[in-house]
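Trainee: Generate coordinates for the sequence data below:
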Amino acid sequence: MAPSIPKVAIPPEKWTQAVYSTPDSCLAKAQIEKLQSMTFNPSFFSAAYTQCLGCGLTHKECVASLANVDSNITPPGPLAAPAASPDISAAIACIGENGGDPSRCSTHFEALSKLAGYKEEIKKSSTEKASEFCSQAGWNLLAAPILYVGMKFVKIK
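Mentor: Modelled structure (predicted):
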């Protein structure tokens, strides 16, 4: 009997997508434009300490004067702010109380999404859509009346 191909939850052709992107069901999508700004300097504290010792300070003074945070790291998002902690803890408590059912905690999730800066999609009227199209088309829109008049003289068979 020939060996069979094992069944997997994620097909091999989608492995890179699973590693480098967020799942489709996830509401918190990765912010692609901020991924390039992420940095980590492994020699930050070593260089700062050596520079401090070079200034003539003692070991205790240098350790006390070192910054706790590397200035080159990516700043945290809005949900990491201290003002967000009550909302986050309320959402976590709601999930814990309801046995992990996210549908019962939708009000908490909506509060977190507003706090993170997500906005509901606004329904545009047809006049807003037309004016937006015209502003995007710019001077190219001047060709429309010329084409309209020109098509009166051109007969397509």
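
Trainee: and the residue nearest to the spatial centre of the chain, what is it in contact with?
Mentor: In the chain, the residue lying closest to the centroid (C-alpha atoms, centre = their mean) is residue 31, at 2.4 Å. Under the criterion of C-beta atoms under 8 Å, 6 or more residues apart in numbering, residue 31 has no contact partners. C-beta coordinates here come from the backbone N, C-alpha and C atoms, glycine included.

Trainee: Show me which residues of stretch 112-131 are buried.
Mentor: Within stretch 112-131, the residues that qualify as buried are 112, 115, counting by 16 or more other C-beta atoms under 10 Å.

Trainee: start to end distance for that stretch?
Mentor: 33 Å (C-alpha to C-alpha, to the nearest Å).

Trainee: just checking, next helix/strand downstream of the worst-scoring helix or strand of the chain on mean pLDDT?
Mentor: Least confident helix or strand, the chain: helix 32-35 with a mean of 70, by mean pLDDT, DSSP states H and E. Per DSSP states H and E, helix 32-35 leads on to helix 44-54 as the next helix or strand towards the C-terminus.

Trainee: quick one, helices of the protein?
Mentor: Using DSSP state H, the helices of the chain run over residues 15-20, 32-35, 44-54, 59-65, 85-97, 106-116, 126-137, 143-153.

Trainee: can you put the ones you listed in JSON lines and add distance to residue 26?
Mentor: JSON lines is the format used below for these (distance: least, C-beta to C-beta, whole Å):
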{"stretch": "helix 15-20", "distance to residue 26": "12"}
{"stretch": "helix 32-35", "distance to residue 26": "14"}
{"stretch": "helix 44-54", "distance to residue 26": "32"}
{"stretch": "helix 59-65", "distance to residue 26": "41"}
{"stretch": "helix 85-97", "distance to residue 26": "15"}
{"stretch": "helix 106-116", "distance to residue 26": "12"}
{"stretch": "helix 126-137", "distance to residue 26": "30"}
{"stretch": "helix 143-153", "distance to residue 26": "43"}
